[in-house]
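Structure of the sequence below:
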Amino acid sequence: MDIRKISIGPDYKGSSMHYIVGQKVLNDTHEIHLIRFDNDKGSVQIYIVNEKNEVMMWKEFNHTMPVAIEYNISY
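Numbers count the residues shown, from 1 in each chain. Next up is the predicted model:
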């Protein structure tokens, strides 16, 4: 299933960081391209894309961090 949004941190509304596919990051020079869960590592990975369409892993959060995941829902 496609992940649409993740929230990292113990306080969802207060101090969590929220990452959404399509969100501009790094002074609007990159965009969140993909958020995926790596079953082997038990981590969440965030991939970004730049103006040259180069995709790279930007962040990885291990299983010790509180994570809320929202999935794309298609009907």
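
Now for residue 26: which residues touch it?
residue 48 (C-beta atoms under 8 Å, 6 or more residues apart in numbering). In short, each C-beta sits where N, CA and C put it, glycine included.

so how far is residue 56 from it?
11 Å (C-beta to C-beta, to the nearest Å).

which of the residues in stretch 27-40 are buried?
Buried positions in stretch 27-40, judged by neighbour count with 16 or more other C-beta atoms under 10 Å: 30, 32, 33, 35.

out of those, who's nearest residue 51?
Among the buried residues of stretch 27-40, residue 30 lies closest to residue 51 (C-beta to C-beta), at 8.2 Å.

What residues are bridge-paired with the closest one?
residue 25 (DSSP bridges).

same thing with the one 4 residues further on?
The partner list for residue 34 in beta bridges (DSSP bridges) reads residue 47.

ok, it to residue 62 distance?
For residue 34, the distance to residue 62 - C-beta to C-beta - is 18 Å.

And residue 49, by the same measure?
For residue 49, the distance to residue 62 - C-beta to C-beta - is 23 Å.

Using the three-state scheme, assign residue 59.
Here residue 59 is recorded as strand under DSSP: H, G, I helix; E, B strand; the rest coil.

which residues does it contact?
19, 45, 46.

mind running it again at 7 Å?
residue 46 (C-beta atoms under 7 Å, 6 or more residues apart in numbering).

Over to the one 3 residues further on?
Residues counted as contacts of residue 62 (C-beta under 7 Å, 6+ apart) are 42, 43.

go again using 6 Å as the cut-off
residue 43 (C-beta atoms under 6 Å, 6 or more residues apart in numbering).

And the pLDDT at it?
Looking at residue 62, its pLDDT is 89.

Output the buried residues of stretch 27-40 as a markdown table; include the columns pLDDT and distance to residue 13.
Shown next, in a markdown table, are the buried residues of stretch 27-40 (pLDDT from 0 to 100; distance: C-beta to C-beta, whole Å):
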| residue | pLDDT | distance to residue 13 |
| --- | --- | --- |
| 30 | 97 | 26 |
| 32 | 98 | 21 |
| 33 | 97 | 26 |
| 35 | 97 | 20 |
